[in-house]
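**Student:** Return atomic coordinates for the entry below.
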Amino acid sequence: MHIETDDPGRADVYALLDEHLRNMHALSPPESVHALDVSGLKHPDITFWSVRDDDVLLGCGALKEIAPGHGEIKSMRTPSAMRRRGAGRAMLQHILAEARRRGYARLSLETGTADAFHAAHQLYKSVGFEECGPFGDYRPDPFSVFMTLDLRKPEA
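**Tutor:** Below you'll find the predicted structure:
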């Protein structure tokens with residue numbers, strides 16, 4: 001398994017992001033879907049990675065700087081058929097390491113409230129994320145769970 005900076009427009013990644021967006025829209029009303037499309041993930045303040053086993057795409061994730069010292073995890077996704085292989089945890093660890101390398105004091109994320117998001121909530125909590133209020137440009141939303149991690153605390 002290896003993680004590399006990637007192009008969100010790459011064919012297999014594009015397909016995964018399309019699956020991600022369709023799934024988000026199936027679980028939440030349009031105004032509560034905060035997932036970025038390919039063009040949004042190509043923004044200069046976002047770094048996008050894929051995780052692969054040889055040439056097989058196992059997942060993706062991105063890190064967005066939302067303020068000096070504060071990053072946001074975006075577009076963490078593993079294809080439905082490739083789950084439970086450790087790719088999500090590997091990507092999360094990679095993003096955490098990069099956020100620390102950049103000197104961020106805080107890393108935050110927004111995810112959904114539906115039962116389908118339970119595994120993601122557990123993954124984030126397992127590395128120390130805690131629920132918090134909206135951050136950045138987000139507003140309170142009954143379909144959103146906001147989480148944050150103080151990166152100044154010692155690693156678990």
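
**Student:** per-residue confidence for residue 106?
**Tutor:** Note on residue 106: pLDDT of 97.

**Student:** Look up the residues forming beta bridges with the closest residue to it other than its chain neighbours.
**Tutor:** The shortest distance from residue 106 to any residue other than its chain neighbours is 4.8 Å, reached at residue 70 (Cβ to Cβ, 6 or more residues apart in numbering). For every residue, glycine as well, the C-beta is placed using N, CA and C. On the basis of DSSP bridges, residue 70 is bridged to residue 67, residue 106.

**Student:** Check the burial of residue 70 by counting its neighbours.
**Tutor:** Number of residues near residue 70 (other Cβ atoms under 10 Å) recorded here: 18.

**Student:** list the contacts for residue 62?
**Tutor:** Applying Cβ atoms under 8 Å, 6 or more residues apart in numbering, we find residue 62 in contact with 8, 36, 41, 46-49, 73-76.

**Student:** Using CSV, write out the CA atom coordinates for the lengthiest helix in the chain.
**Tutor:** Looking across the chain with DSSP state H, the single longest helix is helix 11-27. Written as CSV, here are the backbone C-alpha positions of helix 11-27 (Å, rounded to 0.1, in the frame of the first residue of the first chain):
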residue,chain,number,x,y,z
ALA,A,11,-10.0,8.3,-14.3
ASP,A,12,-10.2,5.9,-11.4
VAL,A,13,-10.1,8.7,-8.8
TYR,A,14,-12.8,10.6,-10.7
ALA,A,15,-15.0,7.5,-10.6
LEU,A,16,-14.4,7.2,-6.8
LEU,A,17,-15.2,10.8,-6.3
ASP,A,18,-18.3,10.5,-8.4
GLU,A,19,-19.4,7.5,-6.2
HIS,A,20,-18.7,9.7,-3.1
LEU,A,21,-20.8,12.6,-4.3
ARG,A,22,-23.7,10.4,-5.4
ASN,A,23,-23.6,8.7,-2.0
MET,A,24,-23.5,12.0,-0.1
HIS,A,25,-26.5,13.2,-2.1
ALA,A,26,-28.4,10.0,-1.3
LEU,A,27,-27.8,10.4,2.4
